[in-house]
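Engineer: here you go, sequence then predicted model.
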Amino acid sequence: MKKFRTLGLLALLALLLAFPLLFPDPAVTTIAVFTLLYAGAATAWNLFSGYTGYVSLGHAVFYGVGGYALALLCQDWHIQGGYVPLLLLPLVGLIASVFAIPLGWIALRARRHVFVVVTIAMFYIFQLLAYNLPGITSGSQGVFFPNPPWDAAFFNTPFYYTSLIVLLLSIGASWWVRNSKYGLGLLAIRDDEDRALSLGVKTGAFKLVAYVISAFFVGMVGALVGYFVGSLYPVFAFTPVFDITVALMAFLGGIATLAGPLVGALLLAPLQQYLTVQLGIVGLDLILFGALLLAVILLLPEGIVPTVRKRWVKCTASRSATSPVTGARGKEKALLIEGRRGGKG
Amino acid sequence: MGILEAQNVSKAFGGIHALAACTISVEQGSIAGLIGPNGSGKTTLFNVITGYERQDAGSIRFNGTSITNATPDRVFALGVGRTFQITRIFPRLTVLENMHVAVQRKGAKGLFGRWSSSHEQRQALELLNFVGIIELKDMQAGNLSYGQKKLLEFAFILIAQPRVILLDEPAGGINPTMINHLAGRIRTLNELGVTFLVVEHNMEFVMGLCDRVMVLHRGTKIAEGSPQEVRNNPVVLEAYLGD
Amino acid sequence: MTLIIEAVILGILTGSVYALMSSGLTLIFGVMDIINIAQGILVILGAYLSYTLETYLHIDIILGLLVTIPALFLLGMGIEWAFMRRIRRDRVMISILVTFAVALVIEGLLNFVFSANYVQLQAPYIDASIPVFGFYLPYIYVFAFFLSVILLTLLYLLVYRTKFGFALRASMQDRTAASLIGVDVEGVQTITFGIGVALAAAGGMVFGATNPFNAATSYDLISRLLVIIVLGGMGSLRGALFASFVMLVISDVTDVVWSPVWSSTVFFALLIVLLLFRPQGLLGRLEGRKQ
């Protein structure tokens, strides 16, 4: 079983690495870039909100902070377009994390229901600040990123690979947390926070650390999107749609699972890109998106990955000799690979 | 000086005086019982001791150290564990994962490791075996029966090797066989040196298990002594039958 | 100084409008543990309905309420029956996502039907002003205030003086206990959701008369409403009322004293500041509820 899983993952990785070579059409790779980035953001969001159960609808703060940070760094340090801005990403992530510390500390003083609203309020404050501090952010005129000197055919490629790296790091962090004692503490907080506290879990610190880690990756994603698109405006940097999209991806795929956000992003990101591009003006995209989400939420309440996993376990229950816990996790990965391979034909 | 002491603890909720200058003392190595009619303040006292409620007045000491305003995690780290009247376990984690949540008195470096080292696994399995639910180790805790959940709760407190365990109605809602099983476990642990403070309504359970019984009524201690003494004490009978 | 007094008065007047809109939101939360993110777009829907009645059928906006309020009441009950009722676990997270999805659909429909152009409700008496103590108050604001007061009073009477209100308050406090004493909790929930949305219809009319709006206005609106109910204590009607007035007065005074640009920021920042000192809001309780 384990060999099969490792082989499958390696094959998947190889496919991802070779993707731009196999499908060089910029239209396709653009969608791929956005998919990878959203997958990274959804995984990072899930690391906090999925594992602790505290729904953050204000992660767009870090998305925007990351974007503006990169743009302003490029401006102030007179950095030209090209590979250098990509090298600044870790720094951008760090900046977003630094913002996350006080914001998280304040927001986490509240319990779950109030927490959601606080994150929304914080996000609005940042949007308003972006508009009202034109000295820093150039207000509604927006900021611009240096233009990379790559030709049209090659343009998407560095973005693709950088996004892939960010995604892999995000998955890595999420995987590590999930399997550590720290991650167990987070899941315990999600089930019964006070009980966890009574068992010695330092709930406040645990939550804050997860919040900061997720901000790190979301910041990098924001910076990459900005750089990819070339410009950043307050309304797009701090947009309410970001959090809902990311939350929906994580939720659709399966909250608090590792593969869930990935599956969700894989399904929703291309769909969202398609709908926005094809039907954006008329409002039909919103209707379709919303209706689709309603259908999925109500029909697959646990998300895709756990539902599939359960069915699989049921089917192979008689055959399987391994315990449900480890066996199921391995099967979930295998299933994911099966699904992807089947999809690509 | 008992291992756990509450001195003159008072706590009011609005107009209701849940605790009024309540003083109790639990001797090390004993199994102490805490009884009293409904509303006498037993669970409130537990909450105050373990840091879930803030008392209005009074002090709490554990093993000489003051834990008067300590947070629940600190109280646990010092060595005081507790169960809840309605069992609180982690329903979405497996039984085995539940066992590993409790922070063992080791320090932060344990955090970065895998959620369960081989040593911790062995300990957890031993304890699950001890309480008798080892065959359920991979089941989602939410799917356990009520009695099994109680046993799980008992087990996962034990993993941190507490010196004092506060049990809030451990015999509530489970069948007599299970009750005896639980009593047996408590006695075994007591022989190994663990002190217990048990709140219970089930008189047989209390009388059969406890060395010493304290009676609360309207937030204050009205009697204490051996189970026999308390059973025959007219003040106690008055409290239960009176209002 | 007169400017400040004027701002305070205006704040009270507009505060009543927000009180109307937010009361529905907090009511729904109190009874059902659901954060109805769609409340913002439902207000706008109410506004658009009033607009349609007035523009195409020439029905006066006040009279139009006789249509829009029941219509949205039924819509609210429909939404609850079709979607909210299906949510079994993880109510907080899932209800947020579901209501947001519903909001997206409604927003898309409104965009489709009405396009993104800003509109505002018109009526012959809207532009007039009433002189009160030397201040000229726009008639529409005064009217909105009285309408809100009337509807909120009716709401109060409903909640505190009727059998249904008793059932509602019982459900808010303890769902299990309420069902044990014979309250049809599910029915209460459906009707409460309907009432919450009906209040949005009324709020929509007064909001639409005093502000230019389009479908996208709902984002800003729902954020403010959420802040208000958090400040007032989620689930507390009195809190929502109190917070609406406080927030709008402060907001309007900031508008005048500092700058319009910063009044929005102050609005949201106030929440943060308050939570630093009182995580449960102005009138809320600290611990979670029993169920």
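Structural biologist: Noted; the coordinates are in hand.

Engineer: okay, CA-based contacts and neighbour counts for the rest of this
Structural biologist: OK.

Engineer: now B:Asp211: phi and psi?
Structural biologist: Dihedral pair for B:Asp211: phi -80, psi -40, per degrees, to the nearest 10.

Engineer: got the residue ranges for the strands in the stretch 1-150 of chain A?
Structural biologist: For the stretch 1-150 of chain A, strands defined by DSSP state E, counting those that start in this stretch occupy the ranges A:143-144.

Engineer: could I get the buried residue list for whichever helix in chain B runs longest?
Structural biologist: Identified as the longest helix of chain B according to DSSP state H is helix B:176-191. Residues B:Ile179, B:Leu182, B:Ala183, B:Arg185, B:Ile186, B:Arg187, B:Asn190 are the ones in helix B:176-191 that count as buried (16 or more other C-alpha atoms under 10 Å in any protein chain shown).

Engineer: quick one, strands of chain B?
Structural biologist: Secondary structure of chain B, counting by DSSP state E: strands at B:4-13, B:16-26, B:31-35, B:57-62, B:65-66, B:80-82, B:164-168, B:195-199, B:212-217, B:220-225.

Engineer: lowest-confidence helix or strand of chain B?
Structural biologist: Every helix and strand of chain B was ranked by mean pLDDT, DSSP states H and E. The lowest is helix B:109-112, at a mean of 56.

Engineer: for chain B, what's its nearest residue on the stretch 101-250 of chain C.
Structural biologist: Closest residue of the stretch 101-250 of chain C to chain B, C-alpha to the nearest C-alpha: C:Thr176 (15.4 Å).

Engineer: what's the local residue count around that residue?
Structural biologist: Using other C-alpha atoms under 10 Å in any protein chain shown, C:Thr176 is surrounded by 14 other residues.

Engineer: got phi/psi on it?
Structural biologist: phi -60, psi -50.

Engineer: how far off centre is stretch A:21-37?
Structural biologist: Mean-position distance between stretch A:21-37 and its chain equals 17 Å (C-alpha atoms, centre = their mean, to the nearest Å).

Engineer: thinking again about what came up before, select, out of the strands of chain B, the one closest to chain A.
Structural biologist: Across the strands of chain B, the minimum distance to chain A, taken as C-alpha to the nearest C-alpha, is reached by strand B:80-82, at 7.6 Å.

Engineer: just the residues contacting stretch B:159-179, thanks.
Structural biologist: B:43, B:46, B:76, B:78-85, B:99, B:102-105, B:123-124, B:127, B:146-147, B:150, B:193-202, B:205 (C-alpha atoms under 8 Å, 6 or more residues apart in numbering or on different chains).

Engineer: picking up where we left off before, closest one to A:Val166 among the strands of chain B?
Structural biologist: Comparison of the strands of chain B against A:Val166 by C-alpha to C-alpha identifies strand B:80-82 as nearest, at 42.7 Å.

Engineer: the closest one: partners in the sheet, and parallel or antiparallel?
Structural biologist: Partner strands and pairing direction for strand B:80-82 (DSSP bridges) are strand B:164-168 (parallel).

Engineer: what ranges does the stretch 101-250 of chain C have for its strands?
Structural biologist: Taking DSSP E, counting those that start in this stretch, the strands of the stretch 101-250 of chain C run over residues C:129-132, C:135-138.

Engineer: contacts only, for B:Gly147.
Structural biologist: If a contact means C-alpha under 8 Å, 6+ apart, then B:Gly147 has B:Gly173, B:Ile174, B:Met178 as its contacts.

Engineer: same thing but 10 Å
Structural biologist: Each residue near B:Gly147 by C-alpha atoms under 10 Å, 6 or more residues apart in numbering or on different chains is listed here: B:Thr87, B:Glu153, B:Pro170, B:Ala171, B:Gly172, B:Gly173, B:Ile174, B:Asn175, B:Met178, B:Ile179, B:Leu182.

Engineer: return the distance of the helix or strand of chain C with the lowest mean pLDDT from the chain's centre.
Structural biologist: Every helix and strand of chain C was ranked by mean pLDDT, DSSP H and E. The lowest is strand C:129-132, at a mean of 72. For strand C:129-132, the separation from the chain centroid amounts to 26 Å (computed by C-alpha atoms, centre = their mean).

Engineer: in CSV: the strands of chain B, plus mean pLDDT and mean neighbour count.
Structural biologist: CSV is the format used below for those (pLDDT from 0 to 100; neighbours: other C-alpha atoms under 10 Å in any protein chain shown):
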stretch, mean pLDDT, mean neighbour count
strand B:4-13, 89, 20
strand B:16-26, 89, 20
strand B:31-35, 92, 25
strand B:57-62, 90, 19
strand B:65-66, 88, 13
strand B:80-82, 91, 27
strand B:164-168, 93, 23
strand B:195-199, 93, 26
strand B:212-217, 91, 24
strand B:220-225, 89, 19
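
Engineer: I'd like the ones you listed as CSV, with distance to A:Ala215 appended.
Structural biologist: Output for those, formatted as CSV (distance: least, C-alpha to C-alpha, whole Å):
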stretch, distance to A:Ala215
strand B:4-13, 41
strand B:16-26, 44
strand B:31-35, 49
strand B:57-62, 41
strand B:65-66, 39
strand B:80-82, 35
strand B:164-168, 40
strand B:195-199, 45
strand B:212-217, 51
strand B:220-225, 51
